[in-house]
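[1] here is a sequence with its predicted model. Questions after.
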Amino acid sequence: MGRLVKAHGLKGAIKLELYTDEPERRFVPGAAFSLQVPTTSPWHGRKLILRELRWFNDVPVGFFEDVVDRTAAETLVRAILWVDQDDAEELDPDTWYDHQLVGLAVMEGDRKLGEVVRVDHFPAQDLIVVNTDRGDVYVPFVKDIVPEVNVAAGTITVTPPGGLFDDNAEIADPNSNTERD
């Protein structure tokens, strides 16, 4: 649903980068979020409960239970907020939760290129990060390059431009500006 970006003030508030189109529905008092943090984090395996969401200069700022001061807020910077999937929620056919994509095999025809290790969200577009034999490759999550996602089969089919997965190519720049159609 979002990423915790930066501590805000002295009372434990944290600026948010939202990954949802419906913050008024997702970020309500009492909303519980699972945290994606390193295993060494004191927050690993815990949930974060939202007390309040405020907007300061068009930037969302969250106040959470058990985050009472700036020091606690700083331990959460860069954490990713997840929600449990609501099975009753109707999703568009081209919509997936990040956790559904992580672990899928990335295929070009019959050739396995690698595996999705995470999804990075940028203002211009999302990128799927594919771990390959030569390192991570950042693939723009656009319909022209990622024409099919089959969660049930455990695969993502790609039609990458020349050089994206070639052994002698540079790893793709994660700051490209292509939008998903």
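    Sure thing, it's come through. Computed from a prediction, not measured in an experiment: that's the story for all the values here.
[2] can I get the CA coordinates of the helix or strand bottoming out on mean pLDDT in the chain in CSV?
    One helix or strand of the chain scores below all others by mean pLDDT, DSSP states H and E: helix 23-26, with a mean of 78. Taking C-alpha atoms only, helix 23-26 is exported to CSV below (Å, rounded to 0.1, in the frame of the first residue of the first chain):
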residue,chain,number,x,y,z
PRO,A,23,-5.8,6.2,0.3
GLU,A,24,-9.1,7.4,1.8
ARG,A,25,-10.3,3.7,1.9
ARG,A,26,-7.0,2.0,2.8
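[3] for the chain, give me the ranges with low pLDDT.
    84-93, 167-181 (pLDDT under 70).
[4] can you give me the strands for it?
    2-8, 13-18, 32-36, 47-56, 59-64, 80-82, 105-108, 111-121, 126-132, 135-140, 148-150, 155-157 (DSSP state E).
[5] report the angle between the third one and strand 47-56.
    With axes from the mean of the first three to the mean of the last three CA atoms, to 10 degrees applied, the angle from strand 32-36 to strand 47-56 works out at 100 degrees.
[6] please name every helix or strand in contact with strand 32-36.
    strand 47-56, strand 80-82 (3 or more CB pairs under 8 Å, 6 or more residues apart in numbering; DSSP states H and E). C-beta here means a position set from N, CA and C on the backbone, and glycine is covered the same way.
[7] show me what the closest residue to residue 59 other than its chain neighbours bridges to in the sheet.
    Closest residue in space to residue 59, ignoring its immediate chain neighbours: residue 15 at 5.6 Å, by CB to CB, 6 or more residues apart in numbering. In this structure, residue 15 bridges to residue 6, residue 61 when assessed by DSSP bridges.
[8] now residue 162: how far from residue 130?
    Separation of residue 162 from residue 130 (CB to CB, to the nearest Å): 16 Å.
[9] alright, calling it a day.
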